[in-house]
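Enquirer: Pasting the sequence and the predicted model now:
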Amino acid sequence: MPHHPHTDPAIAPAPPGFTEDSWAAFARDGILVVEDALEPATAAALSDAVAAQAENNRGHIVGDDARFTALIDHPAHVGHVYDVYGEMLKLLRSEYVRRAPGGAVRNAWHFDGPRLLPFSAFARSAPLRIKVGYWLTPLPRPAMGNLVYVPGSHHWDHLPQYHTHEPHPQERRLIVRPGAMTLMWGGLWHRVDTNDSDVTRHNVFLEYGPSWLVTSDRLLADPQWAETLPREQRIIMRAYREQNQCVKPPSRDVPLFLPRPGEPVEAKQPYADHVPSALRKRPTWLERRIWA
């Protein structure tokens with residue numbers, strides 16, 4: 001009888017993720033804002049970690065500080081990205097950003113992802129990348145280095161204001177408390193507001209997608225470092241020396257999580273007993289709840 005990893009008690013159930021309502025809002029607007037996603041002490045510790053760094057922007061931060069490492073599979077967000085990418089979830093990018101008062105360098109209108117052949121050419125019903133943002137300093141008003149975005153623009157191939165800071169009639173500014181989380185669809189048009197305050201804005205961003213997408217902050221995480229991580233974090237980093245394993249994960253990495261109570265373990269296909277669990281299709285929450 002083959003071994004089925006989903007019976008292993010050491011594997012945890014997937015943390016909570018989208019509801020039908022929150023997915024509907026995310027799919028409509030291209031962004032989901034969750035206030036108080038982090039405890040105040042966690043947000044403060046992350047802000048301290050950002051302040052301690054020597055540079056204003058830095059990528060692949062999850063290997064730099066244990067406070068950043070803990071975000072790889074943080075329960076506030078990992079269930080959401082797992083709902084979309086399921087057993088092939090991968091961390092594609094991690095970074096912190098500091099936006100100092102009066103900073104001259106700020107992002108003009110753009111969307112995240114490839115420009116010459118955008119992700120939307122291949123998928124419009126689901127994002128090929130989701131950016132998780134944690135907002136670590138107060139943003140009670142505009143002109144504090146806020147995120148500026150156009151709701152619903154994640155399916156637009158062009159914005160007339162592209163590569164400028166010209167206002168858009170539908171733009172909104174993010175006003176949030178420290179500890180807020182945003183989930184952003186990879187194609188959403190956005191820019192950064194001026195920072196005319198006396199507060200340096202601190203952020204941590206993590207981008208996720210399916211494991212067969214290329215990473216954008218590293219060629220490969222250090223496999224020796226990855227082996228020191230807890231199981232879920234190690235898998236999500238996908239530090240595979242054999243890159244085809246990003247397409248066909250090794251059996252020890254399947255499943256990433258156990259199903260939540262009431263969720264099916266596998267797809268409805270009638271697999272014979274000799275088919276290993278790692279080769280059986282495992283439906284995502286998005287497939288079961290939205291596309292069924």
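Expert: That came in fine, so what should we check first?
Enquirer: all helices of the protein, in order?
Expert: For the chain, the helices defined by DSSP state H occupy 20-29, 40-51, 66-69, 78-85, 223-226, 231-237, 285-289.
Enquirer: could I get these as JSON lines with distance to Met181?
Expert: Where C-beta positions appear, they are placed from N, C-alpha and C, glycine not excepted. Below are the helices of the chain laid out as JSON lines (distance: least, CB to CB, whole Å):
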{"stretch": "helix 20-29", "distance to Met181": "12"}
{"stretch": "helix 40-51", "distance to Met181": "10"}
{"stretch": "helix 66-69", "distance to Met181": "15"}
{"stretch": "helix 78-85", "distance to Met181": "9"}
{"stretch": "helix 223-226", "distance to Met181": "25"}
{"stretch": "helix 231-237", "distance to Met181": "17"}
{"stretch": "helix 285-289", "distance to Met181": "18"}
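Enquirer: ok, and which of those has the densest surroundings?
Expert: Per-stretch averages of neighbours, counted by mean count of other CB atoms under 10 Å, single out helix 78-85 among the helices of the chain, with a mean of 24.
Enquirer: what about that helix, distance to the chain center?
Expert: On the basis of CA atoms, centre = their mean, to the nearest Å, helix 78-85 sits 8 Å off its chain's mean C-alpha point.
Enquirer: residues contacting the closest residue to Tyr149 other than its chain neighbours?
Expert: In this structure, Tyr149 finds its nearest non-sequential neighbour in His190, 4.1 Å apart by CB to CB, 6 or more residues apart in numbering. His190 sits next to 107, 109-111, 147-150, 184 when contact means CB atoms under 8 Å, 6 or more residues apart in numbering.
Enquirer: do Met144 as well
Expert: For Met144, the contacting residues are 193, 195-197, 199, 201, by CB under 8 Å, 6+ apart.
Enquirer: Can you turn the buried part of those into a ChimeraX selection?
Expert: Selecting only the buried entries of the contacts of Met144 in ChimeraX, with 16 or more other CB atoms under 10 Å as the criterion:
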select :193,195,197,201
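Enquirer: can you redo the contacts of Met144 as TSV with pLDDT and distance to His168?
Expert: Below are the contacts of Met144 laid out as TSV (pLDDT from 0 to 100; distance: CB to CB, whole Å):
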residue	pLDDT	distance to His168
Asp193	97	13
Asn195	96	20
Asp196	96	20
Ser197	96	23
Val199	95	25
Arg201	97	21
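Enquirer: Cross the contacts of Met144 against strands and list the overlap.
Expert: Within the contacts of Met144, residues falling in strands by DSSP state E are Arg201.
Enquirer: what about the strands in the stretch 101-250 of the chain?
Expert: Per DSSP state E, counting those that start in this stretch, the stretch 101-250 of the chain carries strands over the ranges 130-135, 147-149, 172-173, 180-185, 190-192, 201-210.
Enquirer: Export those strands as JSON lines, with columns for distance to Phe26.
Expert: Formatted as JSON lines, those follow (distance: least, CB to CB, whole Å):
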{"stretch": "strand 130-135", "distance to Phe26": "9"}
{"stretch": "strand 147-149", "distance to Phe26": "13"}
{"stretch": "strand 172-173", "distance to Phe26": "15"}
{"stretch": "strand 180-185", "distance to Phe26": "6"}
{"stretch": "strand 190-192", "distance to Phe26": "15"}
{"stretch": "strand 201-210", "distance to Phe26": "14"}
